[in-house]
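S.K.: Pasting the sequence and the predicted model now:
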Amino acid sequence: MTTVRLTAEDLGVQLGERATVVQFSSTFCAPCRSTRYVVQRAVATADGVAYADLDIADHLALGERLGIDVTPTVLVLDARGQLVRRASGVPTLAQLRTALDDASSLVGPG
C-alpha cells in the first residue's frame with residue numbers, strides 16, 4: 001500500500017504540530033455542514049491540531065490523487081503530514097478525537 005503524505009502546499013494551511021484534519025466537501029453537500037461542525041469542535045479542543053476544509057471542485061487534482069469520490073471525506077494526518085485515518089460520511093466527535101489521539105501518538109521525538 002502506498003504511503004500518503006501531504007504538505008502545507010498541498011493543503012493551503014500549515015500542518016498542525018500534533019495532527020491535521022482535512023475535510024473534502026462540496027457546495028451542495030448537507031452532511032458536509034454537519035461534518036464541519038464536528039471537526040471544528042474537535043479541533044477547537046485539541047492543541048496543535050490544524051484544519052483544512054477543501055472544496056473538492058477547487059482541488060480536483062488533489063482529490064483525484066487521493067481517490068476522493070464522495071463528500072464529506074475526512075483525513076487525519078500525523079504531524080509529518082502522513083495519512084493515518086480516512087473516513088467518508090459524518091464522523092462522531094468521539095471518533096474524531098480518538099483518531100487525533102492516535103495520530104498524535106504515532107509521531108515520536110525528532
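M.R.: On my side now, so go ahead. Residues are numbered from 1 along each chain as shown.
S.K.: Tell me where this protein has strands.
M.R.: Secondary structure of the chain by DSSP state E: the strands cover 19-25, 49-55, 73-78, 83-88.
S.K.: Looking at the ones you listed, which is nearest to residue 104?
M.R.: Nearest to residue 104 among the strands of the chain is strand 19-25 (5.7 Å), distances taken as C-beta to C-beta. The way it works is simple: take the backbone N, C-alpha and C, and place the C-beta from them, glycine included.
S.K.: May I see the buried residues of the lowest-mean-pLDDT helix or strand in the chain?
M.R.: The weakest-scoring helix or strand in the chain, judged by mean pLDDT, DSSP states H and E, is helix 93-106 (a mean of 88). Buried positions in helix 93-106, judged by neighbour count with 16 or more other C-beta atoms under 10 Å: 96, 97, 99, 100, 103, 104.
S.K.: need the contact list for the nearest residue to the first one once chain neighbours are set aside.
M.R.: In other words, residue 96. Using C-beta to C-beta, 6 or more residues apart in numbering and skipping residues adjacent in sequence, the residue nearest residue 96 is residue 42, 4.3 Å away. Shown in contact with residue 42 (C-beta atoms under 8 Å, 6 or more residues apart in numbering): 21, 49, 93, 96, 97, 100.
S.K.: Quick check: the fourth one touching residue 90?
M.R.: No. Between residue 96 and residue 90 there is no contact under C-beta atoms under 8 Å: 10.0 Å.
S.K.: list the residues that contact both of these two?
M.R.: Counting by C-beta under 8 Å, 6+ apart, the common neighbours of residue 96 and residue 90 are residue 38.
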